[in-house]
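# let me see the structure of the following:
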Amino acid sequence: MSTEREKMLAGEVYDACDLELLEDLNRVKVLCQQYNNLLPTDFAARNKMIREILGQADKDTFIQTLLRLA
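Below you'll find the model as predicted:
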């Protein structure tokens, strides 16, 4: 029997409310919040965090965060 993660990765119908998947989702939400709070000029920390979020990335990978205007 396949896990919900295995089904998801295989493109099959899966239960998105699976506890393991929800824990991963919440972990990544926290990482994204932390990434958004990093200084835009802290390239090393930003790249390290991107690797943690995505699993892998080259040294030039980045995600431009939204600028909030007051």
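# what residues of stretch 50-60 count as buried?
Within stretch 50-60, the residues scored as buried using 16 or more other C-beta atoms under 10 Å are 50, 57. Every C-beta, even on glycine, is put in place using the N, C-alpha and C of the backbone.
# tell me the pLDDT at residue 1?
For residue 1, the model assigns a pLDDT of 80.
# for the residue positioned nearest the centre of the chain, which non-adjacent residue is closest in space?
In the chain, the centroid-proximal residue (C-alpha atoms, centre = their mean) is residue 53; its distance is 3.5 Å. Excluding its sequence neighbours, the residue lying closest to residue 53 (C-beta to C-beta, 6 or more residues apart in numbering) is residue 31, at 5.0 Å.
# what helix or strand is the one you found on?
helix 19-37 (DSSP states H and E).
# do residue 46 as well
Assigned by DSSP H and E, residue 46 falls in helix 43-54.
# roughly how far does residue 28 sit from residue 1?
Noted for residue 28: a distance of 26 Å to residue 1, by C-beta to C-beta, to the nearest Å.
# neighbour count: the two, which is higher?
residue 28 (14 against 4; other C-beta atoms under 10 Å).
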